[in-house]
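Peer 1: what would the 3D arrangement of this be:
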Amino acid sequence: MQKINQKQKQLIKIFVSLFIVSSIIINWNNVSWLFNYRVMNSLVYSFFNPYENSELLVSANNMVINTNTVKPETTLGEPMIYKESKVYPYSAKNNSIEIPSINISAPIVMSQSTDAKVLTKNLDSGVVYYPNSVLPGESGQIVVLGHSAPPNWPKIKYDWVFSEINNLNMGDQIIIHFGNKKYIYNVVEKNIIQVGQDVESNKLDGQNNILTLISCWPPGKNYQRIAVQAELLID
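Peer 2: Numbering: from 1, shown residues only. Model (predicted):
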C-alpha cells in the first residue's frame with residue numbers, strides 16, 4: 001500500500017509539472033514578461049548613467065533664446081525684430097504627455113536630479129522631463145525619458161510607456177500639457193543611437209523648440225537607444 005501511495009505521489013508530481021509547462025507554453029504571450037523582470041531591473045542604472053555626465057543637452061542649452069528681448073543681427077548688421085511670443089491654448093490638465101497615434105497618456109515628472117536612483121523613482125510615476133531642458137515654447141531642446149518593456153509587459157507603473165514610440169511616423173502629433181498650456185509637436189525625425197551617444201537634432205535652428213523622446217532599444221533591452229524628435233507647431 002505504501003508503494004502504491006509513493007507511485008501515486010510521483011504521478012501527481014509529473015502531472016502537475018506537465019500541466020504547468022503546458023500552461024506556460026499555451027499562454028506564453030501573456031506570461032513571457034515574467035521571465036524578463038530581472039533583466040529589466042538590471043537595465044535601470046545603465047539606462048540613466050550614460051547621460052549623467054554627457055554633453056546631451058549642450059547644444060540645446062547654448063541656443064536658449066528669449067524671443068521677447070533677444071534680437072540677433074542679420075547678415076546686413078541690422079537687428080531682426082521678433083514677433084511677440086505665441087499665446088498657446090489653455091489646458092486644464094496637469095503636466096502630461098499625450099501621443100494619440102499610439103494611445104499614450106502619462107504624467108510628466110519634473111526631475112530635480114540626474115542621479116540614477118532619483119530618476120528611477122521618478123519614472124515610477126510617469127515620464128521624466130530631463131533637468132536643464134528648456135521649457136515648452138522656448139528655443140532649444142526638451143529631453144523626455146521613458147521606460148520601454150518587452151511585448152505583453154503588464155501596465156505596472158509606467159515601465160511600458162515608450163515601448164511603441166518606434167511606431168510613430170513623420171507628422172504624428174505629440175501633445176504636451178505644461179503650466180496650464182497646450183503645446184502641439186509634429187514628429188520630424190527618428191533615430192537609433194548608441195548607449196551614451198549624445199542626442200543631436202538637425203532641426204534645431206536657434207529659434208525653434210524640439211522635443212526629444214528617449215527610451216531603450218529594442219524595448220526592454222539595453223543594446224541601443226531610440227530617439228524620436230518632434231518640432232513645436234507655431235502658427
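Peer 1: show me the helices in this structure, by range?
Peer 2: 2-26, 28-31, 37-52, 58-61, 116-123 (DSSP state H).
Peer 1: state the mean pLDDT of the fourth one.
Peer 2: Pointing back at helix 58-61 there. Averaged across helix 58-61, the pLDDT comes to 32.
Peer 1: cool, stretch 137-156 as well?
Peer 2: 88.
Peer 1: going by mean pLDDT, which of the helices of the chain comes out lowest?
Peer 2: Across the helices of the chain, the lowest-scoring stretch is helix 58-61, with a mean of 32.
Peer 1: and the strands in the protein?
Peer 2: 96-99, 104-110, 127-129, 140-145, 173-178, 181-194, 209-217, 224-232 (DSSP state E).
Peer 1: distance to Lys121 and mean neighbour count for these - can I get that in TSV?
Peer 2: (Each C-beta comes from the backbone N, C-alpha and C, glycine too.) Output for the strands of the chain, formatted as TSV (distance: least, C-beta to C-beta, whole Å; neighbours: other C-beta atoms under 10 Å):
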stretch	distance to Lys121	mean neighbour count
strand 96-99	18	20
strand 104-110	9	17
strand 127-129	10	24
strand 140-145	13	24
strand 173-178	21	21
strand 181-194	25	17
strand 209-217	18	24
strand 224-232	21	22
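Peer 1: closest one to Lys13 among those strands?
Peer 2: strand 209-217 (40.1 Å; C-beta to C-beta).
Peer 1: could you pull up the mean pLDDT of the closest one?
Peer 2: Here the average pLDDT along strand 209-217 is 92.
Peer 1: of all the strands of the chain, which lies closest to Ser22?
Peer 2: strand 209-217 (32.6 Å).
Peer 1: let me know the angle separating that closest one from strand 224-232.
Peer 2: 160 degrees (axes from the mean of the first three to the mean of the last three C-alpha atoms, to 10 degrees).
Peer 1: quick one: Val144 from Pro100, how far?
Peer 2: Between Val144 and Pro100 the distance is 16 Å, computed by C-beta to C-beta, to the nearest Å.
Peer 1: oops, could you answer that again for Ala149 instead?
Peer 2: With C-beta to C-beta as the criterion, Ala149 and Pro100 are 21 Å apart.
Peer 1: with that, I have no additional questions.
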